[in-house]
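Novice: what follows is a predicted protein model with its sequence.
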Amino acid sequence: MIKVEGLYKQLGGQQVLENISFNVARGEILAVLGLSGAGKTVLLKHLIGLIRPDRGEVIINGVDIGSLSEEKLLKVRHDMGYLFQEGALYDFMDIYDNVAFPLREHTRLSKVEVAARVREVLKLVDLQGVESKIPGELSGGMKKRVGLARAIVLGAKVLLCDEPTSGLDPIRSRDISDLICHVSRQIGSTTVMTSHDVGNALRIATRLLIINECRIAAEGTARQLKESKEPFVQEFLQAATS
């Protein structure tokens, strides 16, 4: 479903990603871990085409998106959802309009059909009855849920989540992590998430990769990473979960 091959990227004259290669199978949840500034978000933005590689390929469902025109890239993005770290909700819109926005922009659904779809995804993220509220009236965890609802409202085949538990307390972090896992399975999406929340990532991800010094330092299941003999991997996991 997702294939990254030999990806290199510099930003501001600094090497950020170097020879990054990995695959994500259909239906998997891949967690991308690493220290602050390791390039996790930069990598995620490559997967949706917000950043183009200097070298290498980013292939989504058989299509190399790095070589696409903006018009063709928009068609690929139609099947992708992106949950931004801060939710990126429109403060001047109520929750209904925030979630309905992609449907109005990219489909020809009737008002009745849009309303039904909005109710469906809000129910999926356990947020019934908030349609008339504005983002400022919601807690941080609820805003994340609205952001997730908007990310999947078009039926995302690929779901990308940038630090979905950022700014949340441990209980809300666990709840959002569990919700992403549940939603991914319910809609059958292939999910890639970046995270500093190593404990929850180890718990819900099918596989994980750790980026260090621009490269992939380790990749595998939670068990494989915990059993790794690489000094950095052991130090990183111990520091993050202690």
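Specialist: Ah, there it is. No experiment lies behind these values; they were computed from the predicted model shown.
Novice: in the lengthiest helix in the chain, what's buried?
Specialist: Across the chain, the longest stretch assigned as helix under DSSP state H is helix 170-187. Neighbour-count burial for helix 170-187, counted by 16 or more other CB atoms under 10 Å, picks out 172-177, 179-181, 183-184, 187. Glycine gets a C-beta too; all of them are placed from N, C-alpha and C.
Novice: tell me the domain ranges of this protein?
Specialist: Here the domain parsing of the chain from automatic domain parsing is 1-79+158-242, 86-155.
Novice: sec struct for the residue nearest the centre of the chain, please.
Specialist: The centre of the chain sits closest to residue 161, judged by CA atoms, centre = their mean, with a distance of 1.7 Å. Secondary structure state of residue 161, per DSSP: H, G, I helix; E, B strand; the rest coil, is strand.
Novice: correct me if wrong: it contacts residue 192.
Specialist: Yes - look at residue 161 against residue 192 with CB atoms under 8 Å: they come within range, at 7.4 Å.
Novice: which stretches of this structure form helices?
Specialist: With DSSP H, the ranges of helices along the chain come out as 40-47, 70-77, 95-106, 111-124, 140-152, 170-187, 198-204, 222-226, 231-241.
Novice: how far off centre is the shortest one?
Specialist: Translated: helix 222-226. Centroid separation between helix 222-226 and its chain, computed with CA atoms, centre = their mean, to the nearest Å, is 21 Å.
Novice: and for it, what's in contact with it?
Specialist: Taking contacts as CB atoms under 8 Å, 6 or more residues apart in numbering, the residues outside helix 222-226 that touch it are 202-203, 205, 208, 210, 218, 233, 237.
Novice: relative to residue 106, which of those is nearest.
Specialist: residue 205 (29.1 Å; CB to CB).
Novice: mean pLDDT added to the domains of the chain, as a markdown table?
Specialist: Converted to a markdown table, the domains of the chain look like this (pLDDT from 0 to 100):
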| stretch | mean pLDDT |
| --- | --- |
| domain 1-79+158-242 | 94 |
| domain 86-155 | 93 |
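Novice: before we move on, back to that, helices and strands around the longest helix of the chain, which ones?
Specialist: With contacts taken as 3 or more CB pairs under 8 Å, 6 or more residues apart in numbering; DSSP states H and E, helix 170-187 sits against strand 29-34, helix 111-124, helix 140-152, strand 158-162, strand 190-194, helix 198-204.
Novice: hmm, 6 Å instead?
Specialist: helix 140-152, helix 198-204 (3 or more CB pairs under 6 Å, 6 or more residues apart in numbering; DSSP states H and E).
Novice: what's the most buried one of those helices?
Specialist: Highest mean neighbour count among those (mean count of other CB atoms under 10 Å): helix 140-152, with a mean of 23.
Novice: which residues are contacting that helix?
Specialist: 81-83, 87, 95, 98-99, 121-122, 125, 127, 135, 167-168, 172, 176, 187 (CB atoms under 6 Å, 6 or more residues apart in numbering).
Novice: sweet, I'm off.
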